[in-house]
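A.B. asks: Give me the fold of what follows.
(chains A, B and C)
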Amino acid sequence: MFAFLLRRFGQAVIVMLVISLLSFSIQDQLGDPLRELVGQSVSEEIREQLRDKMGLNDPYLVQYWRFLKNALQGDLGTSYFFKRPALDVILDKLPATIDLVIAATFWILLFSIPVGIFAAIHPDHWFSKLALSLSILGISIPVFLTAIFLIYLFAVELGWLPSYGRGDTITLFSTWKTSLLTLDGLSHILLPSISLASVILPLFVRLIRSEMMEVLESEYIRFAWAKGLRRRRIWFLHSFKNTLLPVITVGGVQIGIMVAYTILTETVFQWPGMGFMFLEAINRVDTPLIVAYLIVVGLIFVVTNTVVDIIYGLVNPTVTLVGRPT
Amino acid sequence: MSLLQVNNLEVEFPLLSGKVKALKDISFSLDKGERIGIVGESGAGKSVTAFAILNLISKPGRITNGSIWFDGANLADMDRDQIRNIRGNKISMIFQDPMMTLNPVLTISTQMVECLQAHRNLPEAEAKKIAVEKLRAVQIPAPETRLDQYPHELSGGMRQRVVIAIALISDPALIIADEPTTALDVTIQAEILQLLLELCVNFNVGLILITHDLGVVSQVTQRTLVMYAGSIIEQGPTRELISSPLHPYTQGLIGALPEQTTPGSRLNQIPGVMPSLQDIPEGCAFHPRCTLAVAKCQHQIPELKGKTSRLCACHLVDDVDA
Amino acid sequence: MNFSLERMRRSPVYYSFINNKVAMVSAAILSTLLLVSILAPFIAPYDPWDQTAFDIMDSEYPPIGSSGADDRFLLGTDDMGRDMLSTILYGTGISIAIGIFATILQAFMGISIGLVSGYFGSRLDSFLMRIADIQLSFTTLMVAIIILAVFQAAVGLNSYERYALLMIVLVIGIAEWPQYARTVRACVLAEKKKEYVDAVKVIGLRPMRILYRHILPNTFSPLLVISTVQVANAIITEAGLSFLGLGMPITKPSLGSLIRNGFDYIFSGSWWITFLPALVLIVLILTINLLGDWLRDVLNPKIYK
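C.D. replies: Got it, this is the predicted structure:
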């Protein structure tokens, strides 16, 4: 276990270095920090002096090294727009995005597992066929369109639910603001979380269904029937545990997609999370914020992948956690 | 009083191209503790017969006619709960490839204990004790340590022993073994067969051994059935059947054995191939390949008949003495 | 491989197609969309790209059938006075074009790399597949957002409009080649094990010839199946990018750009500016997915045993 973690940690470090290098290069190309700090009317000489003092004329690698050092200490630059440290801005917005992701994951797990299992066991049932048809529809409607339709139906036409914003929040542990514990917050998160789930849920239904159908045809399941075990045990223990394995693998990949989709969803709902912040930062060319976002997302990504790998290793006994199957 | 009595069993598979009869009017019986073999080529219907007994035929196949009498009840008529009571309890099965038979994500202990607990109320500790006992009976070294292991941690031969242990765990009256050694190394095959033989003799358990290998039946079984294109075409005590086969097909099978050929000359093959179940010829299914066929063979299906225990379905073989 | 109409008519693929209403209807709708978008310059009543041809006074007319509609504009007009029918016709063409070109690019790259990697194996294979793995772990949408955002900020809005289409095709194309490479490589590895490859090697054929003449034809089925998925995905990705303002500009809008443009107006009642392009986009993606599903089922050797 320890060797596995060490290896993954090493991989994570390399990936983060690559991300930081790319992010830093972007920062280099995008926008002029001097222009943001000083007006237009300052003379060229003074500009050059300022450049020197800020270290903007140093060689590339030196600047990169400085960037890395600062980053490891938690200093990812200062946002031009918010005039605050970029990391602070991001950490401010992070809880909103996490709320959204938790809510969406809730919908996904709640529906995809039972529906997928049912559709695999009773493939000719009308419900299974309905679920499959709805799945194809769900995959074919881009996430932002689902969002727009939901807003139009529930907010504009029916007026039942709000169309933007987050609603009331409660502060936990004196720093973390969540809206999941207020009624108002829940009414605000309903549409966005359903939108976000709407593309990934059908994918999981189809995935669970097809993987489980394959498992149900396998010899060891036939042997389980031959042993005279109860149906429920064969379906939910013997079959489902094997189905989980490829689902976990694919699920891990979907997390990356989910991060990208939060940008789209938050934009439609003006949800004050990281994704919306990122888009606004792009429009304003707020380079430090853009770079900080990339690094934070990269980190989240690497951590989530590692966690998924560990979960997979725990569920699948044929994989020792050194990463190689025996 | 026979343990198992199969009467006129018929199995059909409705395919896109039409209905296909996988088993045509199969009848045989098995006494308590008796060991019989079912031999034939792939596609002859041997495995289907085995699966039909426990109603495990892969969909869309189903039993369309006949009865399977066991312990006073007709297995073909049973509902879900009734047949569940028989499976793994009174009649067990062993499949071909032990790597595919055992669930890779569950421990040996789980897979053994659940078989016991599915049929009787036993606390886990006791069930585990019985499991260890059975593992010992199949000659697995250090049986207690095996319980917490996973299938992939055991060798092929050991896995098949575990499968046999699972088959024995509820002290069944009958074991159906479908090609139990085909997927194993040649060196292990003999061991496993010997083990199976000893266990059946010691515990007085009936055995239906399904294989394409005549050498296997000669080692283990007392009686053998030969199947061709969905029907039984010859039946009899194993030793007799092999030393003096009656049906031309059986003769061909024996004659094709390498042991029967003088070194340096061609192997004796039966010309042609067994027909697919969708294209069975009229009359005797074997007649296109039979060197002794006469006009009658092309139109009339021969009955399986004979005196005593020697049965044969061939027009050219009249009543045969035991 | 000779091809004849008679042979096609008797093949199981054709049989399955004729009997599958969903596949037939999808194909019909998709062909219609393709056709009208290709013919858009000829059949559209107005030219939506001509910045002088529309009048802001004509803005926000609803489609024919609602009160307040104008006879000149069948599906109404958007906020700038452009005819909805024309913008949708042209927009569909752009969405489809980007989908197809991006897929062709990734197919070309992916198939070449996959063939070479699978056939020659060893270190080259490990290296290429490592890169593929890394690329696969970054979602295309995310990468596209970043690259296009940086590009847009770096070159300014005017240059951006000129190169938008090219950049989008490039980004999606280069980001997705691993999908094709992996599929092809798996096929190559499977075929390599088969005996006919050894037989052909013994005869002395050169590797390239073996690859192209013998192995490649066996990869067509799976490649065809993933191609439909990839086209649909490319269209969805481009729509998302345009919706965020990082895709096609409003002067040469794709369906995604049109949806973005009309979003604010659903609150004030002009629903058609967003919903009409949205409907066309959904139908487009849905028909491609349905055909892809049918194709995957029909080409699956397991089902047709």
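
A.B. asks: near chain C, which residues of the stretch 201-326 of chain A?
C.D. replies: By C-beta under 8 Å from any C-beta of the partner chain, the residues of the stretch 201-326 of chain A that approach chain C are A:253, A:256-257, A:259-261, A:263-264, A:267-268, A:279, A:282-283, A:285, A:290, A:294, A:297, A:301, A:305. In short, each C-beta sits where N, CA and C put it, glycine included.

A.B. asks: for the stretch 51-200 of chain C, which spans come out with low pLDDT?
C.D. replies: Scanning the stretch 51-200 of chain C for pLDDT under 70 picks out the ranges C:195-197, C:200.

A.B. asks: near chain A, which residues of it?
C.D. replies: Near chain A, when you scan the stretch 51-200 of chain C using C-beta under 8 Å from any C-beta, you find C:134, C:136-139, C:141-142, C:145-146, C:149-150, C:152-154.

A.B. asks: I'd like the residues you listed as a markdown table, with neighbour count and secondary structure appended.
C.D. replies: Putting these into a markdown table (neighbours: other C-beta atoms under 10 Å in any protein chain shown; DSSP: H, G, I helix; E, B strand; the rest coil) gives the following:
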| residue | neighbour count | secondary structure |
| --- | --- | --- |
| C:134 | 12 | helix |
| C:136 | 18 | helix |
| C:137 | 15 | helix |
| C:138 | 17 | coil |
| C:139 | 21 | coil |
| C:141 | 24 | helix |
| C:142 | 19 | helix |
| C:145 | 25 | helix |
| C:146 | 22 | helix |
| C:149 | 23 | helix |
| C:150 | 20 | helix |
| C:152 | 22 | helix |
| C:153 | 20 | helix |
| C:154 | 14 | helix |
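
A.B. asks: And the strands in the stretch 51-200 of chain B?
C.D. replies: For the stretch 51-200 of chain B, the strands defined by DSSP state E, counting those that start in this stretch cover B:62-70, B:73-74, B:91-94, B:174-178.

A.B. asks: Let me know which of these is the nearest to residue C:254.
C.D. replies: Nearest of the strands of the stretch 51-200 of chain B to residue C:254, taken as C-beta to C-beta: strand B:62-70 at 54.2 Å.

A.B. asks: for the closest one, packing partners?
C.D. replies: strand B:2-15, strand B:18-31, helix B:46-53 (3 or more C-beta pairs under 8 Å, 6 or more residues apart in numbering or on different chains; DSSP states H and E).

A.B. asks: of the strands of the stretch 51-200 of chain B, which approaches residue B:43 most closely?
C.D. replies: Comparing those by C-beta to C-beta, strand B:174-178 comes nearest, at 14.2 Å.

A.B. asks: Quick check: residue A:273 vs chain B, distance?
C.D. replies: Using C-beta to the nearest C-beta, to the nearest Å, one obtains 37 Å as the distance from residue A:273 to chain B.

A.B. asks: is it true that that residue touches residue A:266?
C.D. replies: Yes: with contact defined as C-beta atoms under 8 Å, residue A:273 reaches residue A:266; the gap is 4.8 Å.

A.B. asks: Give the residues shared as contacts by those two.
C.D. replies: Common contacts of residue A:273 and residue A:266 (C-beta atoms under 8 Å, 6 or more residues apart in numbering or on different chains): A:97, A:100.

A.B. asks: And the worst-scoring helix or strand of chain B on mean pLDDT, how far out from the chain middle?
C.D. replies: Here the helix or strand of chain B ranked lowest by mean pLDDT, DSSP states H and E is helix B:295-299, holding a mean of 79. Mean C-alpha position of helix B:295-299 versus that of the full chain (C-alpha atoms, centre = their mean, to the nearest Å) differs by 31 Å.

A.B. asks: elements contacting the helix or strand following that helix?
C.D. replies: Counting by DSSP states H and E, the next helix or strand C-terminal to helix B:295-299 is strand B:311-312. With contacts taken as 3+ C-beta pairs under 8 Å, 6+ apart, strand B:311-312 sits against strand B:231-237.

A.B. asks: how near is residue B:193 to chain C?
C.D. replies: 32 Å.

A.B. asks: Count the residues that sit near that residue.
C.D. replies: 22 (other C-beta atoms under 10 Å in any protein chain shown).

A.B. asks: And the pLDDT at it?
C.D. replies: At residue B:193, the predicted lDDT confidence score is 90.

A.B. asks: give me every residue that touches it.
C.D. replies: Contacts of residue B:193 (C-beta under 8 Å, 6+ apart): B:180-181, B:216, B:219-220.

A.B. asks: Show me which of the residues you listed is closest to residue A:114.
C.D. replies: residue B:180 (38.2 Å).

A.B. asks: so what's that closest one up against?
C.D. replies: Shown in contact with residue B:180 (C-beta under 8 Å, 6+ apart): B:94-96, B:160, B:164, B:192-193, B:196, B:209.

A.B. asks: What does the pLDDT read for the residue nearest to residue B:120 when sequence neighbours are not counted?
C.D. replies: Spatial nearest neighbour of residue B:120, excluding adjacent residues (C-beta to C-beta, 6 or more residues apart in numbering or on different chains): residue B:170 at 7.9 Å. The score at residue B:170 is 89. That number is its pLDDT.

A.B. asks: Tally up the residues packed near residue B:170, please.
C.D. replies: 21.

A.B. asks: you'd agree it is up against residue B:86?
C.D. replies: No: Residue B:170 is beyond contact range of residue B:86, at 10.5 Å (criterion: C-beta under 8 Å).

A.B. asks: Which elements pack onto the helix of greatest length in chain A?
C.D. replies: Ranked by number of residues, the top helix in chain A under DSSP state H is helix A:86-121. For helix A:86-121, the packing partners by 3+ C-beta pairs under 8 Å, 6+ apart come out as helix A:126-140, strand A:176-178, helix A:183-216, helix A:240-269, helix A:274-284, helix A:287-315.

A.B. asks: repeat that with 6 Å
C.D. replies: The helices and strands touching helix A:86-121, judged by 3 or more C-beta pairs under 6 Å, 6 or more residues apart in numbering or on different chains; DSSP states H and E, are helix A:126-140, strand A:176-178, helix A:183-216, helix A:274-284, helix A:287-315.

A.B. asks: who are the neighbours in contact with the nearest residue to residue A:262 once chain neighbours are set aside?
C.D. replies: Excluding the flanking residues, the one nearest residue A:262 by C-beta to C-beta, 6+ apart is residue A:275, at 4.2 Å. By C-beta atoms under 6 Å, 6 or more residues apart in numbering or on different chains, the contact list for residue A:275 reads A:262-263, A:266.

A.B. asks: again, but for residue C:260
C.D. replies: So residue C:260 contacts residue C:243 (C-beta under 6 Å, 6+ apart).

A.B. asks: just residue B:97 next, same as before
C.D. replies: Taking C-beta under 6 Å, 6+ apart as the test, what residue B:97 contacts is residue B:183.

A.B. asks: how does it look with 10 Å?
C.D. replies: Taking C-beta atoms under 10 Å, 6 or more residues apart in numbering or on different chains, we find residue B:97 in contact with A:219-220, B:156, B:159-160, B:163, B:179-180, B:182-184.

A.B. asks: next one: residue B:155
C.D. replies: Neighbours of residue B:155 in contact, by C-beta under 10 Å, 6+ apart: B:98, B:161, B:184-185, B:188.

A.B. asks: which intervals of the stretch 51-200 of chain B have sub-threshold pLDDT?
C.D. replies: Within the stretch 51-200 of chain B, not a single segment meets pLDDT under 70.
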